[in-house]
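Trainee: no sequence on this one, just coordinates:
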């Protein structure tokens, strides 16, 4: 793949908020490319990535695990971001996501700076992993006391992180945020006391079609918020591209979506997108891929998973809740076609050595998907993935979108398809190829900020009416109340994407640049 030259134009001479001045086409060889605007997008992204405020490295005294707390910036003395854990974690990855968190928090009602905790741990036993996480949090307890707002993330869970933080500091994992939003320390403690009750409120009935019984499965608010935020990003993009949808009862009707990942984000995307009219034509997890050209029966599949998980010991439920493939009945599910991970590796295109094999199989074989939502891993979307998708799932699809359900999805090829953090040139090439294939990218700091919005909406008092419904314990909301709560939390995400799109030209291919430059101005104003 021949790399294009960088644009000689300086980003300092660009007014990012001036519509239609940036999107140009230039002749490159015998075809029209999008060299100028993609180079500028990449230059803009690079220009925004200043060094972090601090990096603390930690070495576990009882294992080979290594961890980092990266503080990208502080606003009013506070920064926020969850703790992730996996065997390939690096300081560079942690640093990149800390910067992404700063951009997510820029549109929150109580803006704070971005931070991230990352732990490289190859232990398999859940108890051992929890012990490592507890030791890491113990080392960072000074930050947790007053300056770091945290939560669960990839490879961890909110419930354990909050319990560990409470035991270590006597305060909950969101304390620094609550202290900032409350009038005094007593009010902050009141917020802290009810936080977990709010986060566990069931949102499984939101947007449920009339006449349908309450689902067997549950979707906690803290998980529903991020998935619904991604869905609202898709809705905003489609309403810009097809304005008539603004009047539709189901704004995603006939939109075909492929989802990588069946955990909290993927579950929320599938559930709410399908209830708003979309067809989930493919979904993958760690064990395989489920294809259905008529749309996967999401409600039935989630019910089957809930029944199976209920029979498992508590320590196995976290991992089992991120899977779907194993819960498809032996007799099948409608017209769904199953491809195991091993079979996907055998059948994946030769070019899959540049990307993960299940992903390669999925984007090549998914039947005509408009939207791809990577909601599982970082660094999965590179230039080769764009080419495979263009000849595969996007072949007869229009429009075409990638909406980031996970953080930092752009990547560079690594060994055996393992994604690596991208260079500026890698990001430039991905954007350029997406423009060539007329594919729109909705960036992570816009699309998947639902959890951050939930925390901040609660701290700002926007969700007090939910807790007032029950003086103690987890409140129970009806379907309309659930919809209202999700709309409050996602409203700023949808408005931010709409604002970015208003500055785009008709194709919306310059959306990543508009979003990056708007958030730069938002951060400068905080």
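Mentor: Yep, it's here. This is a predicted model, so every value here is computed, not measured.

Trainee: Could you pull up the contacting residues of residue 500?
Mentor: Counting by Cβ atoms under 8 Å, 6 or more residues apart in numbering, residue 500 touches 446, 511, 514, 515, 518. Every residue, glycine included, has its C-beta placed from N, CA and C.

Trainee: got CSV for these, with neighbour count, secondary structure and pLDDT too?
Mentor: Formatted as CSV, the contacts of residue 500 follow (neighbours: other Cβ atoms under 10 Å; DSSP: H, G, I helix; E, B strand; the rest coil; pLDDT from 0 to 100):
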residue, neighbour count, secondary structure, pLDDT
446, 28, helix, 96
511, 24, helix, 96
514, 24, helix, 95
515, 28, helix, 95
518, 20, helix, 94
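
Trainee: remind me which residues of this protein are low pLDDT?
Mentor: Residue ranges of the chain with pLDDT under 70: 1-50, 349-352, 415-417.

Trainee: Give the buried residues for the top helix by length along it.
Mentor: As assigned by DSSP state H, the longest helix anywhere in the chain is helix 479-502. By neighbour count on 16 or more other Cβ atoms under 10 Å, the buried set for helix 479-502 is 479, 481-483, 485-486, 488-490, 492-494, 496-501.

Trainee: Output the contacts of residue 500 in a markdown table, with distance to residue 313 appended to each entry.
Mentor: As requested, those are arranged in a markdown table below (distance: Cβ to Cβ, whole Å):
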| residue | distance to residue 313 |
| --- | --- |
| 446 | 38 |
| 511 | 45 |
| 514 | 48 |
| 515 | 43 |
| 518 | 47 |
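
Trainee: Out of the residues you listed, the closest to residue 353 would be?
Mentor: Among the contacts of residue 500, residue 511 lies closest to residue 353 (Cβ to Cβ), at 30.3 Å.

Trainee: check contacts around the closest one.
Mentor: Contacts for residue 511 (Cβ under 8 Å, 6+ apart) come out as 237, 440, 441, 442, 443, 500, 501, 504.

Trainee: can you pull the contacts of residue 395?
Mentor: Contacts of residue 395 (Cβ under 8 Å, 6+ apart): residue 368.

Trainee: Would you mind measuring from it to residue 439?
Mentor: From residue 395 across to residue 439, the span is 12 Å (Cβ to Cβ, to the nearest Å).

Trainee: Just after the lengthiest strand in the chain, pick out the following helix or strand.
Mentor: Longest strand in the chain, counting residues (DSSP state E): strand 113-120. Downstream of strand 113-120, the first helix or strand assigned by DSSP states H and E is helix 126-139.

Trainee: could you say what helices and strands that following helix packs with?
Mentor: When contacts are defined as 3 or more Cβ pairs under 8 Å, 6 or more residues apart in numbering; DSSP states H and E, helix 126-139 sits against strand 83-86, strand 113-120, helix 158-169, helix 314-320.

Trainee: which element follows the first one toward the C-terminus?
Mentor: Scanning forward in sequence from strand 83-86, with DSSP H and E defining helices and strands, the next element found is helix 91-105.

Trainee: how about that following helix: buried residues?
Mentor: For helix 91-105, burial by neighbour count (16+ other Cβ under 10 Å) applies to 91, 93-105.

Trainee: go on, stretch 305-316?
Mentor: Within stretch 305-316, the residues scored as buried using 16+ other Cβ under 10 Å are 305, 306, 309.

Trainee: Kindly report the same for stretch 347-360.
Mentor: 348, 349, 352, 354, 355, 356, 357, 358, 359, 360.

Trainee: Serialize these to CSV and add fields for distance to residue 59 and secondary structure.
Mentor: As requested, the buried residues of stretch 347-360 are exported to CSV (distance: Cβ to Cβ, whole Å; DSSP: H, G, I helix; E, B strand; the rest coil):
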residue, distance to residue 59, secondary structure
348, 38, coil
349, 41, coil
352, 36, helix
354, 33, helix
355, 32, coil
356, 29, coil
357, 33, helix
358, 33, helix
359, 33, helix
360, 36, helix
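
Trainee: Grab the two from the residues you listed that are most spread out in space.
Mentor: 354 and 358 (13.8 Å).

Trainee: show me the contacts for the closest residue to residue 101 other than its chain neighbours.
Mentor: Leaving out its chain neighbours, the residue that sits closest to residue 101 by Cβ to Cβ, 6 or more residues apart in numbering is residue 114, at 3.2 Å. Counting by Cβ under 8 Å, 6+ apart, residue 114 makes contact with 71-73, 79-81, 98-105.

Trainee: Equivalent analysis for residue 130, please.
Mentor: With Cβ under 8 Å, 6+ apart, residue 130 has these contacts: 160, 164.

Trainee: Would you mark the buried spots in the helix or strand where residue 344 lies?
Mentor: Assigned by DSSP H and E, residue 344 falls within helix 341-347. Residues of helix 341-347 classed as buried by neighbour count (16+ other Cβ under 10 Å): 341, 344, 345.

Trainee: ok, now stretch 385-398?
Mentor: 385, 386, 387, 388, 389, 390, 392, 393, 394, 397.

Trainee: want to throw the residues you listed into JSON lines with secondary structure and distance to residue 225?
Mentor: JSON lines is the format used below for these (DSSP: H, G, I helix; E, B strand; the rest coil; distance: Cβ to Cβ, whole Å):
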{"residue": "385", "secondary structure": "helix", "distance to residue 225": "28"}
{"residue": "386", "secondary structure": "helix", "distance to residue 225": "29"}
{"residue": "387", "secondary structure": "helix", "distance to residue 225": "34"}
{"residue": "388", "secondary structure": "helix", "distance to residue 225": "32"}
{"residue": "389", "secondary structure": "helix", "distance to residue 225": "28"}
{"residue": "390", "secondary structure": "helix", "distance to residue 225": "32"}
{"residue": "392", "secondary structure": "coil", "distance to residue 225": "32"}
{"residue": "393", "secondary structure": "coil", "distance to residue 225": "28"}
{"residue": "394", "secondary structure": "coil", "distance to residue 225": "29"}
{"residue": "397", "secondary structure": "coil", "distance to residue 225": "28"}
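
Trainee: and of the residues you listed, the nearest to residue 524?
Mentor: Closest to residue 524, out of all of these and judged by Cβ to Cβ, is residue 386, at 31.7 Å.

Trainee: Identify the residue nearest that closest one in space, chain neighbours excluded?
Mentor: Residue 386's closest residue in space is residue 433 (Cβ to Cβ, 6+ apart), at 4.3 Å.

Trainee: Does anything pack onto the helix or strand that contains the one you found? Which helices or strands?
Mentor: Using DSSP H and E, residue 433 sits within helix 424-436. If contacts are counted by 3+ Cβ pairs under 8 Å, 6+ apart, helix 424-436 sits against strand 31-33, helix 35-48, helix 383-391, strand 439-442.

Trainee: run the last query once more with 7 Å
Mentor: If you count contacts as 3 or more Cβ pairs under 7 Å, 6 or more residues apart in numbering; DSSP states H and E, helix 424-436 packs onto helix 35-48, helix 383-391.

Trainee: what comes up buried for that helix?
Mentor: By neighbour count on 16+ other Cβ under 10 Å, the buried set for helix 424-436 is 426, 427, 428, 429, 430, 431, 432, 433, 434, 435, 436.

Trainee: these two touch, right, the fourth one and residue 383?
Mentor: Yes: using Cβ atoms under 7 Å, residue 429 makes contact with residue 383 at a distance of 4.7 Å.

Trainee: ok, residue 237 touching residue 402?
Mentor: No: here residue 237 does not reach residue 402: they are 10.6 Å apart, not a contact under Cβ under 7 Å.

Trainee: From residue 240, how far off is residue 426?
Mentor: 28 Å.

Trainee: rewinding a little: pick the most deeply packed of the helices and strands packed on helix 126-139.
Mentor: Mean neighbours per residue, mean count of other Cβ atoms under 10 Å, is largest over the helices and strands packed on helix 126-139 for strand 113-120, with a mean of 28.

Trainee: Pull up the pairing partners for it, direction included.
Mentor: strand 66-71 (antiparallel), strand 79-80 (parallel), strand 83-86 (parallel) (DSSP bridges).
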